[in-house]
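Enquirer: Have a look at this prediction, sequence included:
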There are 2 protein chains.
Amino acid sequence: MDLENLLPAIDKIEKSVSAGRTAEAIETFLELHLADQAEVFNLLAEEAQGALLKNLDIPSTADLFDELEDAETLEFADDLSIARLADVLDEMEPDEAADLLGDLPPEVATQALAEMEDPEDVLPLLGFPDETAGGRMTTSFIALRRQTTVEQAIRFLRNVGPESDVPYYLFVVDREKRLSGIVGLRDLVIAEPNIRIENIMRPDVFFVTTETDQEEAARTMARYDLSALPVVDDQRRLVGVITGDDLIDVLEEEATEDIYRLSNVTDTGLEPESGVWDQIKGRLPWLYLSMVTSLFAAFVISRFEYVIAQVAVLAVFQSVVAGLGGNAVTQNMAMTVRALALGKIAPKRAWPIILRQALIGLMMGIAIGVVVGIGAYLWRGNAYLGVILGLALVGNLAVAGVAGTLIPLGLKSLGQDPALASAVLVTTVTDSMGFLLFLGMATYFLGYLT
Amino acid sequence: MDLENLLPAIDKIEKSVSAGRTAEAIETFLELHLADQAEVFNLLAEEAQGALLKNLDIPSTADLFDELEDAETLEFADDLSIARLADVLDEMEPDEAADLLGDLPPEVATQALAEMEDPEDVLPLLGFPDETAGGRMTTSFIALRRQTTVEQAIRFLRNVGPESDVPYYLFVVDREKRLSGIVGLRDLVIAEPNIRIENIMRPDVFFVTTETDQEEAARTMARYDLSALPVVDDQRRLVGVITGDDLIDVLEEEATEDIYRLSNVTDTGLEPESGVWDQIKGRLPWLYLSMVTSLFAAFVISRFEYVIAQVAVLAVFQSVVAGLGGNAVTQNMAMTVRALALGKIAPKRAWPIILRQALIGLMMGIAIGVVVGIGAYLWRGNAYLGVILGLALVGNLAVAGVAGTLIPLGLKSLGQDPALASAVLVTTVTDSMGFLLFLGMATYFLGYLT
């Protein structure tokens, strides 16, 4: 449902709470789909949030916490008593509960764990950082032994009805709990009842270890169209499964991260409606960095101040050279960062790519430089100005092609995030180089410009 | 597998082909996972590509074509005879085959369709544009009637073994083939054999129509954690299903599109290794647009040329004001575009958001303006210069906050893609406004600057 369509529900809940009709508010809230509940909850006034949190039953609170972003869950968990928090943690999905426990102040987490009824599902997950496969995986899956028959497996599913976040796959393990294969439910349904699981399982299974980075795990799932990815420990024992909805979450986080880094926003949790102070914290440091780099470019210009004093028109066109270089380098950076994110560039083939981008920059520089040069000539009547402007553009766009490709590839090969080559850093190159080329040539041909 | 790890296979295949050992090349190729085959094929030298295409069996060619991007499939399909092409189309997934037929020259498509053995799967898909749910869906799914019993359904799966791209869901339709519910395979397995499907199905099913935009369909799947989304026609008859791997593809395409549009790259199919001419076609038009807008900013400066001739230091700092405004507006734009893409902003609440961003811009402007102003004063020894520079930054960053939020939101409410508010357009605002504020104030206080 579109956010727009949720506004009436928000309105109704807030009015019910204001009028003291909490039961009515709860009813309206619970009629919403789970994913919408989280969205609506976030947008409610504080008073309404408090009223819902106090009166929602435990399972609904757990569902809500599962859906909310980690930072939001933490904020609202603060308002619960330890006893209630422990009950909610018991009902939450193990991986989400582990994330929350990891985010809580240690003494609160310890108390809550002590009060939980079955902390066994959560405990093994506590050691894994959020951003690893171990931190993402669910422990709620179904594992069978190799020797189980199809009939036994179906009876197990029917009678025990084990909980699973991965209902359409059964994982097959050996005596030592090591992953040995996977059976899709469809294969189970169509198999002869007395055949053994090991005879219908697919033995060549993709898997990752608990330490694998979540992005790498997601990339494997996306690449090979996997809707569930087993996670094993260092003994190859099956300890968890990453599910399709985790995959989506990771891919979206990753895309947001790339977009934000390219645009100089550090904190990927930021939205236009985030708190003023949070936004300033996530943006201002980049602007200070940008200030330093733009002062560097300003310093380059200051070396030519005496030239500009004689030919003020240079100040008019210097920004054109820098700006077009900046736009071209942004194009290069976006393509390179995205290709690296999607695993489409092998670093070994970097140099031919950089050469190709230099050539493209040169060609686009000629295409742009000729037009701008002739335009400047027609506007100001000075052919030298046009030629210098055109040549500076050719040079700067070639530099843009190299810098916008080389910098992200270089960061990648240094093990850094290539998207850190954000606009701030690469446009410094094109700014400074643009000013240097244009004003430098102007100085050399000063006699023809005055 | 990482691209890096595929290079040995590429090497081996190319060597085998050069040495005339085609069978060996084919063997190496077919040992790769399907997703890797597509990647490797793309990177092979043309000679090796030709040799593989000529000698691969039909099903393997179909698998390869299913995996390749649409434009690539089209290129390689060109090399096949009509008879062979028809055989490959028969084996391809219906939605991919339909995409290819739609991309082929009409006379080739007609001939191929005529030679196909069972065009029935593909024909109904031909009418739907690629980017709609109809263009994305597969027709290979299993539909059951409401009155079917669980036992009958299992027997049907076991004996008929129908093909399905959605093996873990059964879709339930009524007498008129209208969608009435969905049954997960797990529910089927654990149900009593003689119960009717309509009694175990979930009746409240999310669905879209064939005309729904693929992004909206993907957004629904991501939001509600659906791994399959039924597609119905205007009579609510079930005609197809969108699967989880389509969802991933759409989300990745969408993220690429946002990144590229924000960075002024039109063609989302471009990669750093794409053909030189293709890249120029996808990038140069934006640079020409950027040229026009930067000439507009240059025109603003030219109005102040006589001032710059007297106080050349203005040329040094004008770029600082414009550049920092550009960086700030990029941050705003990225956050707004991403929030809109993820459905996190309701347009009705636009004005409070714009006000908030104006406030944040103002505050960051003060934080930056004070530092730059004092810096300029210390560097050049003119307090007026520092004050003017500081004030221009405050004004420009506040403008950036408004422009970077208002422009994408405005485009969205006009039904346009908000990411079209690319860097080129919004930085024109901050460039021109920055020059106007800074040089305008400098003109007013000219007496104190010389």
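Expert: In hand now; what should we look at?
Enquirer: Quick one: residues contacting residue A:332.
Expert: By CB atoms under 8 Å, 6 or more residues apart in numbering or on different chains, the contact list for residue A:332 reads A:357, A:361, A:400, A:401, A:403, A:404, A:405, B:272. The C-beta positions use only the backbone N, C-alpha and C, and glycine is treated the same way.
Enquirer: any chance of those residues in TSV, plus secondary structure, distance to residue A:341 and neighbour count?
Expert: Shown next, in TSV, are the contacts of residue A:332 (DSSP: H, G, I helix; E, B strand; the rest coil; distance: CB to CB, whole Å; neighbours: other CB atoms under 10 Å in any protein chain shown):
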residue	secondary structure	distance to residue A:341	neighbour count
A:357	helix	18	27
A:361	helix	22	28
A:400	helix	21	32
A:401	helix	20	29
A:403	helix	19	28
A:404	helix	15	32
A:405	helix	15	29
B:272	coil	12	27
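Enquirer: Can you give the domain ranges for chain A?
Expert: A:3-127, A:143-252, A:276-449 (automatic domain parsing).
Enquirer: near chain B at all, the shortest one?
Expert: The reference is to domain A:143-252. Yes. For domain A:143-252, a contact with chain B is found by CB under 8 Å from any CB of the partner chain, at A:154, A:157-158, A:161, A:167-168, A:184-186, A:188-190, A:222-225, A:227, A:244-245, A:247-248, A:251-252.
Enquirer: which of the domains of chain A is buried the deepest?
Expert: Of all the domains of chain A, domain A:276-449 has the most neighbours on average by mean count of other CB atoms under 10 Å in any protein chain shown, namely a mean of 21.
Enquirer: ends of it, how far apart?
Expert: End-to-end distance for domain A:276-449: 49 Å, by CA to CA, to the nearest Å.
Enquirer: on that earlier part again, got the domains of chain A as JSON lines, with mean pLDDT columns?
Expert: Output for the domains of chain A, formatted as JSON lines (pLDDT from 0 to 100):
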{"stretch": "domain A:3-127", "mean pLDDT": "89"}
{"stretch": "domain A:143-252", "mean pLDDT": "91"}
{"stretch": "domain A:276-449", "mean pLDDT": "90"}
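Enquirer: Chain neighbours aside, what residue packs nearest to residue A:186?
Expert: Spatial nearest neighbour of residue A:186, chain neighbours left out: residue B:167 (4.3 Å); criterion: CB to CB, 6 or more residues apart in numbering or on different chains.
Enquirer: so the one you found, which of the three states?
Expert: With DSSP: H, G, I helix; E, B strand; the rest coil as the basis, residue B:167 sits in coil.
Enquirer: check contacts around it.
Expert: Here residue B:167 is in contact with A:184, A:186, B:185 (CB under 8 Å, 6+ apart).
Enquirer: mind running it again at 10 Å?
Expert: Shown in contact with residue B:167 (CB atoms under 10 Å, 6 or more residues apart in numbering or on different chains): A:168, A:184-187, A:189, B:140-142, B:157, B:185, B:228, B:243.
Enquirer: From those, which land in helices?
Expert: A:185, A:186, A:187, A:189, B:185 (DSSP state H).
Enquirer: What distance do you get for the first one to residue B:144?
Expert: Counting by CB to CB, to the nearest Å, the separation of residue A:185 from residue B:144 is 16 Å.
Enquirer: just the third one next, same as before
Expert: In this structure, residue A:187 and residue B:144 are separated by 19 Å, where distance is defined by CB to CB.
Enquirer: can you check the second one too?
Expert: Separation of residue A:186 from residue B:144 (CB to CB): 14 Å.
Enquirer: Over to the fourth one?
Expert: Taking CB to CB as the measure, residue A:189 falls 13 Å from residue B:144.
Enquirer: between these two, what contacts are shared?
Expert: B:153, B:157, B:188.
Enquirer: My read is that residue A:291 contacts residue B:373, right?
Expert: No. Counting by CB atoms under 10 Å, residue A:291 does not reach residue B:373; the two are 11.3 Å apart.
Enquirer: Now the common contact residues for these two.
Expert: What both residue A:291 and residue B:373 touch, as defined by CB under 10 Å, 6+ apart, is the set residue B:393.
Enquirer: which ones are touching the nearest residue to residue A:82 once chain neighbours are set aside?
Expert: Excluding the flanking residues, the one nearest residue A:82 by CB to CB, 6+ apart is residue A:111, at 5.0 Å. Residue A:111 is in contact with A:82, A:83, A:85, A:86, A:104, A:105, counting by CB under 10 Å, 6+ apart.
Enquirer: so who does the fourth one touch?
Expert: Translated: residue A:86. Contacts of residue A:86 by CB under 10 Å, 6+ apart are A:80, A:111, A:112, A:113, A:114, A:115, A:116, A:117, A:119.
Enquirer: just checking, which of these belong to strands?
Expert: Among the contacts of residue A:86, DSSP state E puts none in strands.
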